[in-house]
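Novice: dropping a prediction and its sequence here:
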Amino acid sequence: MTTDPSRSDTSVFPDPVYKETVLAPLFDHAKDDHAEGFRRIDRAHLVMLERTGILPRDVAGQIARALVEIDAGIDPEGLVYTGEVEDYFFLREAELKTRVGPDTGGRLHTARSRNDIDHTLFKMALKGRIDALLGEGRALLAALTDTAEREAETLIVAYTHGQPAQPTTFGHYLGAAIEVLIRDLERLEAAREACDLCSMGAAAITTSGFPLDRALVADLLGFAAPQRNSYSCIAAVDYTTATYGAVELLFLHLGRLVQDLQVWSSFEVAQIYVPNAFVQISSIMPQKRNPVPIEHMRHLASQAVGKARMMKDIMHNTPFTDMNDSEGESQSAGYGAFETGSRVLRLLAALVPSLAINGDRVAANIDRACITITELADTLVRREGLSFRQAHEIAADTARAVVAAGTSLAEGGFEPFSQAFQSHAGRASALDAQTFREIVSPEYFVAVRDRFGGPAPAAMAEALASYREALSGFTARAEALQAQDTRAAAALEAAFNDLTEAR
């Protein structure tokens with residue numbers, strides 16, 4: 001015999017465990033992360049309902065005044081979830097109905113749904129966080145560019161495969177990191193564009209039979225435009241995945257730079273000097289200088305990567321519809337990527353300008369590793385008319401002899417070079433000892449690499465100018481977006497305040 005279980009169901013919502021494990025955390029996330037968004041959405045939607053004639057002006061005025069009372073009388077931070085209402089949205093609606101009655105209070109929700117409200121809330125929250133992260137990214141870009149300009153001619157050892165490879169300058173090295181950072185900030189800007197399309201007006205899925213003005217709501221909330229397809233408004237999560245994809249790449253790439261700083265500040269390499277302000281001592285070994293802020297940046301960058309990647313993983317293989325997987329609790333979990341990433345950006349922007357290059361150690365490492373030998377091979381091709389492979393063999397023999405003798409190319413390289421040249425070319429080289437020493441100097445190595453993107457002064461000056469131009473572009477676009485937000489906030493305040501006077 002079968003029965004309808006609903007007829008004998010005497011349970012009362014919410015189940016205590018469900019309240020504790022789901023509803024209370026969701027309520028806390030909403031009031032902590034999205035309270036201001038709820039406030040703005042309520043006001044913008046109400047203005048639209050009145051202007052389109054969906055609500056009479058006097059009714060809209062009653063609701064507006066009640067919303068003012070709610071916002072003035074309820075501090076979201078002090079709220080504790082009791083289970084009397086389902087969530088923060090219904091708490092606001094209950095407060096509204098208490099003040100103006102169930103009929104009038106229920107009219108604010110005309111032609112909208114939790115679906116379009118939620119995705120609009122999340123986009124607003126992400127836009128604010130992206131803007132803050134972009135601001136810190138611009139500060140890092142400025143710090144890197146200023147330091148690269150200051151160190152444009154400061155020699156360092158460049159490494160490949162963990163081994164000394166060629167000399168370059170610290171400014172040139174930082175330029176490489178700057179260009180990656182510029183592309184990362186551009187990806188963040190592109191992600192923000194995806195967040196800048198308003199979901200309001202989509203309602204549950206298909207918009208509404210009411211004469212909505214979606215563009216008006218989008219404008220009052222500071223969005224660039226309404227998102228076109230209403231199903232996409234409540235189902236698409238590319239604004240989330242694009243955002244966290246950009247955040248993940250930003251800190252993945254910065255983590256590689258931080259790792260170099262870790263290695264270069266080690267006692268054995270000692271290419272960079274970290275000042276005392278960024279050094280901690282050992283609790284037991286008095287000789288130790290531990291640049292632990294670099295370690296913190298490395299693990300914090302990895303944490304930011306992990307938190308951002310988590311967000312993309314949460315969205316994976318979810319239905320293309322409105323689902324809790326992409327909503328409140330997931331969104332709030334992702335905000336930690338911004339909080340952790342902010343610490344990395346601010347610390348790195350403070351650390352990099354403070355670093356100094358240990359010139360004596362750089363010079364010693366250049367001599368020990370014979371890393372200018374590539375230019376000797378190149379010069380033999382240009383001046384002696386040899387093939388590069390033949391020139392390479394002569395240079396390799398020279399380097400092996402120098403390393404075996406424990407000397408340097410400049411001090412002890414000319415004699416073995418002359419012998420190697422005679423052996424491979426069958427004649428004497430036209431280079432004399434003084435010319436040889438000039439060719440194998442790190443200063444010459446850098447100076448002749450004056451091609452586009454190289455470390456020589458003219459190429460570096462052009463690159464630095466382009467970096468400053470990129471920074472100016474980021475700043476100008478940020479100022480334009482801030483002006484858009486300020487204008488929208490003023491327009492919403494004026495329109496809403498006008499409603500509060502309606503009788």
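Specialist: Yep, that arrived.

Novice: run a quick neighbour tally on Val23.
Specialist: That one is not Val; residue 23 is Leu. Look at Leu23: counted by other C-beta atoms under 10 Å, it has 18 neighbours. All C-beta atoms are positioned from the backbone trio N, CA, C, and that covers glycine.

Novice: ugh, typo on my part, it should be Ala494
Specialist: Number of residues near Ala494 (other C-beta under 10 Å) recorded here: 11.

Novice: how about the one 4 residues further on?
Specialist: A count of neighbours around Asp498, defined by other C-beta under 10 Å, yields 15.

Novice: likewise Arg468?
Specialist: The tally of other residues near Arg468 (other C-beta under 10 Å) stands at 15.

Novice: distance of it from Ala190?
Specialist: With distances taken as C-beta to C-beta, to the nearest Å, Arg468 is found 22 Å from Ala190.

Novice: swap in Arg487?
Specialist: In this structure, Arg487 and Ala190 are separated by 23 Å, where distance is defined by C-beta to C-beta.

Novice: what does whichever helix or strand Ile156 is part of contact?
Specialist: Counting by DSSP states H and E, the element that carries Ile156 is strand 155-160. With contacts defined as C-beta atoms under 8 Å, 6 or more residues apart in numbering, strand 155-160 is touched by 164-170, 173, 271, 357, 359, 362-363, 365-366, 369, 371, 442-443, 446.

Novice: which members of these occur in helices, if any?
Specialist: Counting by DSSP state H, the contacts of strand 155-160 place Phe170, Tyr173, Gly359, Val362, Ala363, Asn365, Ile366, Ala369, Pro442, Glu443, Val446 in helices.

Novice: and the pLDDT for the third one?
Specialist: According to the prediction, Gly359 has pLDDT 96.

Novice: now swap in the fifth one and tell me
Specialist: Ala363 is assigned a pLDDT of 96 by the prediction.

Novice: before we move on, what about the first one?
Specialist: In this model, Phe170 is scored at 98, pLDDT.

Novice: what sits against the residue lying closest to it once chain neighbours are set aside?
Specialist: Counting by C-beta to C-beta, 6 or more residues apart in numbering, Phe170 lies nearest to Glu151, which is 3.9 Å off, once chain neighbours are set aside. Contacts of Glu151 were listed using C-beta under 8 Å, 6+ apart, and they are Thr169, Phe170, Gly171, Leu174, Ile357.

Novice: gap between Glu151 and Pro226?
Specialist: Counting by C-beta to C-beta, the gap between Glu151 and Pro226 amounts to 48 Å.

Novice: and if you look at Asn358?
Specialist: With distances defined as C-beta to C-beta, the gap from Asn358 to Pro226 amounts to 57 Å.

Novice: those two: which has the busier surroundings?
Specialist: Neighbour count, other C-beta under 10 Å: between Asn358 and Pro226, Pro226 has more, with 23 against 17.

Novice: backbone dihedrals for the more buried one, please?
Specialist: Per-residue torsions, Pro226: phi -70, psi 150 (degrees, to the nearest 10).

Novice: hey, what's it bridged with?
Specialist: The residues paired with Pro226 through beta bridges, assigned by DSSP bridges, are Cys198.

Novice: quick one: the host helix or strand of Ala391 to helix 359-369, angle?
Specialist: Take DSSP H and E as the rule and Ala391 turns out to sit in helix 388-405. For helix 388-405 against helix 359-369, the angle by axes from the mean of the first three to the mean of the last three C-alpha atoms, to 10 degrees is 110 degrees.

Novice: send the alpha carbons of helix 388-405 over as PDB?
Specialist: Once non-C-alpha atoms are left out, helix 388-405 reads as follows in PDB (Å, rounded to 0.1, in the frame of the first residue of the first chain):
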ATOM      1  CA  PHE A 388      78.700  30.400 -36.100                       C
ATOM      2  CA  ARG A 389      79.400  26.700 -35.400                       C
ATOM      3  CA  GLN A 390      83.100  27.100 -36.000                       C
ATOM      4  CA  ALA A 391      83.100  30.300 -33.800                       C
ATOM      5  CA  HIS A 392      81.100  28.400 -31.200                       C
ATOM      6  CA  GLU A 393      83.700  25.700 -31.000                       C
ATOM      7  CA  ILE A 394      86.500  28.200 -30.600                       C
ATOM      8  CA  ALA A 395      84.600  30.000 -27.800                       C
ATOM      9  CA  ALA A 396      83.800  26.700 -26.100                       C
ATOM     10  CA  ASP A 397      87.500  25.600 -26.100                       C
ATOM     11  CA  THR A 398      88.400  29.000 -24.700                       C
ATOM     12  CA  ALA A 399      85.800  28.800 -21.900                       C
ATOM     13  CA  ARG A 400      86.900  25.300 -20.900                       C
ATOM     14  CA  ALA A 401      90.500  26.400 -20.600                       C
ATOM     15  CA  VAL A 402      89.600  29.400 -18.500                       C
ATOM     16  CA  VAL A 403      87.500  27.400 -16.100                       C
ATOM     17  CA  ALA A 404      90.100  24.800 -15.700                       C
ATOM     18  CA  ALA A 405      92.700  27.400 -14.900                       C
END
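
Novice: can you spell out which helices and strands pack onto the next helix or strand after that helix?
Specialist: If you walk from helix 388-405 toward the C-terminus, the next helix or strand you reach (DSSP H and E) is helix 409-412. Helices and strands touching helix 409-412, as assessed by 3 or more C-beta pairs under 8 Å, 6 or more residues apart in numbering; DSSP states H and E, comprise helix 359-369, helix 388-405.

Novice: residues contacting helix 409-412, please?
Specialist: Helix 409-412 has contacts (C-beta under 8 Å, 6+ apart) with Asp367, Cys370, Thr372, Ile373, Leu376, Thr398, Ala399, Val402, Ala405, Arg437, Val440, Ser441.

Novice: what distance do you get for the fourth one to Ala399?
Specialist: When distances are taken as C-beta to C-beta, Ile373 and Ala399 turn out to be 5 Å apart.

Novice: picking that back up, quick one: pLDDT of the residue nearest to Phe170?
Specialist: The score at Glu151 is 98. That number is its pLDDT.

Novice: so which residues of the chain form strands?
Specialist: Counting by DSSP state E, the chain has these strands, from start to end: 155-160, 163-169, 197-198, 225-226, 272-273, 356-357.

Novice: out of the contacts of Glu151, grab the one that's most surrounded.
Specialist: Using other C-beta under 10 Å as the neighbour criterion, Leu174 leads these with 27 neighbours.

Novice: how much space between the spatially closest residue to it that is not a sequence neighbour and Ala461?
Specialist: Ranked by C-beta to C-beta, 6+ apart and with sequence neighbours excluded, the top spatial neighbour of Leu174 is Ala148, at 4.0 Å. Distance, Ala148 to Ala461, using C-beta to C-beta: 11 Å.

Novice: so those two - more neighbours on which side?
Specialist: With other C-beta under 10 Å as the criterion, Ala148 and Ala461 differ in neighbour count, and Ala148 comes out ahead with 25 against 12.

Novice: mind listing what the more buried one touches?
Specialist: Taking C-beta under 8 Å, 6+ apart as the contact definition, Ala148 lies against Phe170, Gly171, His172, Leu174, Gly175, Ile178, Met460, Leu464, Tyr467.

Novice: got the contacts of helix 409-412 as CSV, with pLDDT and neighbour count columns?
Specialist: Compiled in CSV, the contacts of helix 409-412 are given as follows (pLDDT from 0 to 100; neighbours: other C-beta atoms under 10 Å):
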residue, pLDDT, neighbour count
Asp367, 93, 19
Cys370, 94, 23
Thr372, 96, 25
Ile373, 95, 23
Leu376, 96, 24
Thr398, 97, 26
Ala399, 96, 24
Val402, 96, 24
Ala405, 94, 13
Arg437, 97, 17
Val440, 97, 29
Ser441, 97, 18
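
Novice: lovely, talk soon.
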